[in-house]
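*Asks:* what follows is a predicted protein model with its sequence.
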Amino acid sequence: MDPTVPTDSSSTPSERVFADRHIGPSADELERILHVVGVPTLDDLATKSVPQAILDDAPSGVGAGLDALPLPVGEHDALAELAQRAEQNTVAVSMIGLGYYDTLTPPVITRGILENPAWYTAYTPYQPEISQGQLEALLNFQTMVADLTGMEVANASMLDEATAAAEAMTLLRRANRASTSPRFVVDTDVFPQTLAVLETRAAPLGIELVRCDLSHGLPDGEFFGLLTQTPGASGVVRDLSVIVARAHERRALVAVGADLLALTLVTPPGEVGADACFGTSQRFGVPMGYGGPHAGYLAVRSTHSRQLPGRLVGVSVDADGDVAYRLALQTREQHIRREKATSNICTAQVLLAIVAAMYASYHGSDGLRSIALRVKAHASALAAGLRDAGVSLAGDAFFDTVTATVPGRAGAVEAAAKDAGINLRLVDDDTVSVSCDEATTDEHVDAVLAAFGAERSDANGADSLPASARRTSEFLTHPAFTRHRTETSMLRYLRMLSDKDIALDRSMIPLGSCTMKLNATAEMESITWPQFARLHPFAPDDDTVGIRSVIADVEQWLVDITGYDAVSLQPNAGSQGEYAGLLAIRDYHIGRGDGHRNICLIPSSAHGTNAASAVMVGMKVVVVACRTNGDVDVDDLRAKIDQHADSLAAIMITYPSTHGVYEHQIDDICAAVHDAGGQVYVDGANLNALVGLARPGKFGGDVSHLNLHKTFCIPHGGGGPGIGPIGVRAHLQPYLPGHPLREGLGGGAPVAAAPYGSASILTITWAYIRMMGAVGLRRATLTAIASANYIARRLDEHFPVLYTGDNGMVAHECILDLRELTKRTGVTVDDVAKRLADYGFHAPTMSFPVAGTLMVEPTESESLEEIDAFCDAMIAIRVEIDRVGSGEWPVDDNPLRGAPHTARSLAREWSHPYTREEAAFPDTGAGRAKVWPAVRRIDGAHGDRNLVCSCPPIESFA
Ligand SMILES: *Cc1c(COP(=O)(O)O)cnc(C)c1O
C-alpha cells in the first residue's frame, strides 16, 4: 500500500476518502509522474525539494503543528458537522442596518451564479477572449452603478463599502491638484466602520481626518476633500447640493457614500456635482453572510477615470472589428505600476458584483423602485407610529432607517425586540436605530412598534423624502436591464454568458501563482445555507455561536498549518492581508520607539501588490536584485541592509519564490533582516507548495498573508471573492486588526468593514481542511510539486524552464521561457496564450514575474490525463512556432497570430496560408470538447484610447 494514502476516520463506509476526490492523479498516474520526475516516492520528493533546514517531519497522526489537525472525515460527515454548526446560529429578523440588509436573492440567481461552477470557478479575465461572458456581466455592474449614482464611470469592484470609502479618499487626493492641504473632512454621520477604516488608511499617508457634523455646515480652514453619506448612519437623507457646491467653492472635491436601493428614489450624487460616489451592492441580492463577501463600488466623473483604482471593464474591438470587452487602463494597476499604482487591489469581488448586476437586471428599474418604495413605506409606518407615541426621531427625511430617541430606554427597547426575534441597532443608552429592507413585513413593523410601546398610526404622514430630494431621472434603460423579466429568459442569459468563458469546469487553468485547484461541491454547499448567509455582521453573539465556532476552528487550523501564534481573518484579499501585516509591522516599530523605520525591501520578482501595499503604509520600497538563477541576490540584499540599516522596517519575500523555487538561503535572508532590526513579511500566496512541509512562522517569518482563494479552495469567482488572513508571531499579535463594533479582536486598526471580513465563505476552507486532514494536505502539496516538476520535464526541451533549484527541481510551478523563441520567430507569449484557447485551454500566467514567459501551475487537482493534454497542446504549438520560424508561415499571418479563431471567422472569406481546420481544429487529442472563443484577438489599446466603460448600445453589435 502506498504509505502516503491517508487513514480516514469517516464513519460512512460508502464514501471514498475525500483526498482521493480532491487529488487528480490516481496512484498509477502518480507513479508515472514520479518516474518522469526521477524520485521514487512523494516523501523523497519532499526531502529533495525543500531545504533541510526548514522541512518539517511528516505528520505522524498525533501532536503539535499539522498533527494537531483533526483526522479527516468524508464529504457527508463534514457537511453534517457544518449543519450542526449552522443550527447553533439563530437567523433573527435583522433590522440593524449600517450597510448590511437582508435581501431576497432570486433563486435563479442563487443557483445560476452563486452555486454554478461555470461562474464561480472562473479566473480574472486577463484572457478576455475566453472571458466575454464574465466581462459582459461586469460591464452590466458598472452600468448599473453609473446609472444609479449618476456618475460617468464605475469600476468592478471594491472589496467592501469601507475600503471603497478609503479608496475614494485617496482618489480625491490624487485628483485634487488645486489643494495641497492634508486635511480631509468626514461627516460624523458615516457608518462607524467606514470612519474607522478611513482613519486606518489616512494615518500612514499623512492625511488628517477632520470629523464634522455637516448638518452645521463645513469646517473652517483648507481641506482637499470631503466625504459624506446618504442616507447617513442615522438614516437621515441630506440635501447634498449645498454641501457639494460649498466644498467646490473652497477647491475641495467631494465623495458621497450612497445606498444603491435608495438611489432609485433619491437624487443621485452625480446630479448634484459629487466627484466620486462609493458604497456597497450587498442589498442587491447578495446575502449578508456575517459580513461578507459583498462587492463595494466606486464611481467617478469621467475626468477622474484614470484615477480609479481596481478593475475596470471597457469596450473595445477584436481583430475582425467586432465589439469585445476587456480590462481597461491596466497601466494604473499594481501588476504593472507596482509602487506607483493607484491601489494595491488585485482580487476584488467579481462574483458578488455579477450577482448584484443580475439582480438589477432581473428586477429592472420598475422592480427596484417598487422594492425601494415598499422599504420606504415600512420605515414611514414605523416613524409614524413612533411619532404618535411621542418618540422623537432623527431628521425628517429618511429612506429605510429610523433613529429614535428614547431616553434611558434604548436597552429595554432593543431587548423587547430581541424577544420578538428582531435585532435592532442599539446606538447608545438613549438611541435605537431600525432599518427596513426587502425582507421586512408589516408584522415586523408591528413587532418593532410594540417593542417601543407604540402602535401603528392611522395618520397619513408626509412623504419621508421631500420633493427636493426625489429622483426624477430614468435609470437602467439599457436592454441588459429590460430584457430578462422571466426566469426562462434569465436562465438562458446566464447560460449564454457562461458558455463564452473557460472556467475550471471546462479545462485546467494552469495559472502560476494563482493556484486554480478544485473547489469541491461539498466545500461550496454550505455558503448559501440561510443559517450562515442571513447573519448580520453585528448580530448579537448568541445568534452567531455556530459561525463563530467555524471561525475559531479556521483560525486555529491556520495557526497549526503556518506555525504562527495568531491569525486574523479580517482581510478580504491577499493584498489587504499584505496591508494589514505591514501595518502590524509599522505599529510594532512605532511601539518600540522605532517609528523612523520605513524602508521595505522587496525582491524584483515580487507580486505587484507587495510594493503597492508597502506604499499604502507609508513605507519606501527598495528593490533587491535577483541572481540569474532566480534567487534573491543575497549580496545585494546585504548591501541594501547595510545602506538602510537604521531605517530598515521589513523585507517582503515570497516563499517559495514567484520564480517557482525553494530558495535555499531563506533562513540566512530572514536572519540578516532580523539582525538589522527589520521584520520579515513572508508573502504566503504560494502556500500550496508549503502546507505540511514547512511553516513560515517557524522558519523566519514574523507575518504572512495566506490566500484562502488559492491554497484553501475558495473559488476565484472570476477575480473574487477571496480571503487574505494574516498569521503573526506573538510579538505582532497586539497589532492584528481590531474593529470598532467588536471587542476581543486585535488592538490594531481595522482594515475592512466587517470584523471577520468575508466570514460566510470560511466554511469552504473549513470543509477543505476538515476533509483532507494533515496527511491529505501534505499529500496534496507534494502532488502539486510532483505535477509541476513533471510539466517542467516534459516541456523543457520545447520551452526551456527558466529557473530550477540547486537540485534541478521546481516547486509547485514553473516558468517557461519564450524570449529566445520570440526573438528568433517573432511569435510572442501573447500568441501562444491566445492559441491555447483554440486548443481549449486557458493560458498560464503571462509575463509574470518575468516578461516574455509563461508560468504554469497545475495544482494537485489535475489528473495526469489533463496535464498531458495540456503538455501535448504546448508541444503542438511549439511545432507551429517552428513552422513560422522556418518561414513556412509568415510571422504576421499564421494560426498563432490569428488566434483565437471564432466560428464566425471560419465562415468568412478565407485567405490565410493555413487551413480552416488548422485554425480551429488543431490536434487536441481524442475526445476533448471544442471550445469556441466568443471573439477574436482584442485590441486593448483601441479601448484605452476610446474609453467606454458601460454597456454599448445594442446597435453597435449590428
Ligand atoms: C495572488 C497573489 C497576491 C495577491 O493576492 P490577492 O488576493 O489577489 O490580493 C500577492 N502575492 C502573490 C505572490 C500572489 O500570487
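*Replies:* Received the coordinates, thanks.

*Asks:* for the rest of this, base every contact and every neighbour count on C-alpha atoms.
*Replies:* Fine.

*Asks:* average pLDDT across stretch 565-574?
*Replies:* Across stretch 565-574, pLDDT averages out at 98.

*Asks:* what do you get for stretch 118-137?
*Replies:* Here the average pLDDT along stretch 118-137 is 97.

*Asks:* could you number the chain from 38 rather than 1 from now on?
*Replies:* In the new numbering, first residue 38, that becomes stretch 155-174.

*Asks:* distance from that stretch to the middle of the chain?
*Replies:* 15 Å (CA atoms, centre = their mean, to the nearest Å).

*Asks:* and it, anywhere near the ligand?
*Replies:* No - judged by CA under 6 Å from any ligand atom, stretch 155-174 stays clear of the ligand, getting no closer than 9.6 Å.

*Asks:* which residues sit against that stretch?
*Replies:* Outside of stretch 155-174, the residues within contact range by CA atoms under 8 Å, 6 or more residues apart in numbering are 150-151, 350, 361-364, 388, 391, 394-395, 533-542, 556, 752-757, 871, 874, 879-880, 937, 970-975.

*Asks:* can you check the distance spanned by it, start to finish?
*Replies:* 13 Å (CA to CA, to the nearest Å).

*Asks:* ok, now stretch 129-138?
*Replies:* With CA to CA, one end of stretch 129-138 sits 12 Å from the other.

*Asks:* which outside residues touch that stretch?
*Replies:* The contact list for stretch 129-138 (CA under 8 Å, 6+ apart) reads 139, 198, 228, 270, 317, 319-320, 325, 328, 438, 458-462, 470-475, 481, 572-576, 580.

*Asks:* over to stretch 656-665?
*Replies:* With CA under 8 Å, 6+ apart as the test, stretch 656-665 has contacts from 376, 635-642, 648, 651-652, 669-670, 673-674, 677.

*Asks:* so which bits of it are buried?
*Replies:* Buried positions in stretch 656-665, judged by neighbour count with 16 or more other CA atoms under 10 Å: 656-663.

*Asks:* just stretch 690-697 next, same as before
*Replies:* Those would be 690-697, for stretch 690-697 by 16+ other CA under 10 Å.

*Asks:* stretch 426-440 too?
*Replies:* 426, 428, 430-431, 433-440.

*Asks:* where does this protein have low pLDDT?
*Replies:* 38-52, 98-101, 961-963, 995 (pLDDT under 70).

*Asks:* tell me the residues of it that contact the ligand?
*Replies:* Counting by CA under 6 Å from any ligand atom, the chain comes close to the ligand at 382-384, 550-551, 610-612, 644, 646, 720, 722, 744, 759, 761.

*Asks:* report the contact partners of residue 721.
*Replies:* Counted by CA under 8 Å, 6+ apart, residue 721 has contacts 691-692, 741-744.

*Asks:* what's opposite it in the beta bridge?
*Replies:* residue 743 (DSSP bridges).

*Asks:* quick one, helices of the stretch 338-487 of the chain?
*Replies:* 371-374, 387-425, 447-456, 479-488 (DSSP state H, counting those that start in this stretch).

*Asks:* starting at the chain centroid, how far to the last one?
*Replies:* So the one you mean is helix 479-488. With CA atoms, centre = their mean, you get 38 Å for helix 479-488.

*Asks:* determine which two of the buried residues of stretch 690-697 are furthest apart.
*Replies:* The span of these, defined through CA to CA, is set by 690 and 697 at 12.8 Å.
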